[in-house]
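*Asks:* sequence first, predicted model second:
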Amino acid sequence: MRNNYDNLRVAVLSGSGKNAVTQEAFKRIEQHYAFVAEFCNRAAGWEKSNAENGVKITRKNAFVPIPRVKDYTELQNHISASLLKYNMTHKIEGRPRKIWDMFLEERSSLAPLPASPFEVDETVHTKVYPDQTVRYGKVRYSVPHGYVGRNVTLRVSPFELKVYYRGKLLCTHNRMRENGPDQYILDHYLEALSRKPRAAGQALPIKKGVMPVQCRVFLKLCPAEDANKQLVDVMLLARDIGESRVLAAMDDAINTGKPTAELVRYYLYGQQMPDDAFEIKHSDLADYDRLIDGMEGGDGKL
């Protein structure tokens, strides 16, 4: 199968038309899906009318008005649905049937797609630095405890960075832009911080790390001077009983307005409530005194 392409940079390393030198990554796509690309000549716009028309159709049907989406997946679903609707309802001038009907007829003569999808991830081999991070571009990504100095493999997609050690997935990070913030996951540093409680106050995983929102609220509201150390103690509990239960207990402790590690344990295990967990406001008890006096002076009935 042959396809016509403009000289897009991700496909063409140099040259154009019949002299185009294809990028190695694009060659792998051709091999995977069994097609041959034919590239347009430079400054020959009439050769790429189909490409230009396709862009126009996509813009008109999927981007007018500009879609408002929360992430790339929702955007892709919107584009797919918009173009599917176009293909099922549109008829090309001079053709007797709609695009979708002609596609269904043609599909029977097309080769099936490969059994597995093409993997676009970049594979990078590197070592874990002493600060428990790997580097990709200019960004540091944290790695779980115990892998400093080990050779690991990074699988980098447009949206995620995954760290593997001997085929085992260690962690997954959101991929940052080239100059994006370093990515620290608090859980990766709990063992080290528990052994060095004084370091918790200045530790980057706590100051700048990726952590559940409950952790940040806990640090903000905890009245104790060692709030950072208490947060580490709380998060260590998740290793044994699960993160969801600990976060639920943290929510309960946060609702008191003065969360502490002791209070979180109370909501987890039903331990004795700390004396300073709640502020108790006493009402005027004079009504009760008058009630008691009335009972003693009368027949004792209410």
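*Replies:* Happy to help now that I have it.
*Asks:* confidence score at the closest residue to residue 139 other than its chain neighbours?
*Replies:* In space, and not counting its chain neighbours, residue 139 is closest to residue 176: 4.6 Å by CB to CB, 6 or more residues apart in numbering. Where C-beta positions appear, they are placed from N, C-alpha and C, glycine not excepted. Predicted confidence (pLDDT) for residue 176: 94.
*Asks:* which residue packs closest to the most centrally placed residue in the chain, ignoring adjacent ones?
*Replies:* Nearest to the geometric centre of the chain sits residue 174, at 5.0 Å (CA atoms, centre = their mean). Using CB to CB, 6+ apart and skipping the chain neighbours, the partner closest in space to residue 174 is residue 160 (6.6 Å).
*Asks:* that neighbour against residue 175, yeah?
*Replies:* Yes: contact status for residue 160 versus residue 175: in contact at 5.6 Å, counting by CB atoms under 8 Å.
*Asks:* give me the distance between the two termini of stretch 125-133.
*Replies:* Start to finish, the residues bounding stretch 125-133 are 13 Å apart (CA to CA, to the nearest Å).
*Asks:* list the buried residues for it?
*Replies:* Residues of stretch 125-133 classed as buried by neighbour count (16 or more other CB atoms under 10 Å): 128, 132-133.
*Asks:* please flag which of those residues sit within strands.
*Replies:* residue 133 (DSSP state E).
*Asks:* possible to save the buried residues of stretch 125-133 as CSV with pLDDT?
*Replies:* Shown next, in CSV, are those (pLDDT from 0 to 100):
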residue, pLDDT
128, 97
132, 95
133, 97
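*Asks:* which one of the buried residues of stretch 125-133 sits closest to residue 89?
*Replies:* Using CB to CB, residue 133 comes nearest to residue 89 of the buried residues of stretch 125-133, at 51.7 Å.
*Asks:* quick check: the closest one vs residue 172, distance?
*Replies:* 15 Å (CB to CB, to the nearest Å).
*Asks:* with respect to residue 44, which of the buried residues of stretch 125-133 is nearest?
*Replies:* residue 133 (48.6 Å).
*Asks:* give the contact list for the residue nearest to residue 174.
*Replies:* The contact partners of residue 160, taken as CB atoms under 8 Å, 6 or more residues apart in numbering, are 172-175.
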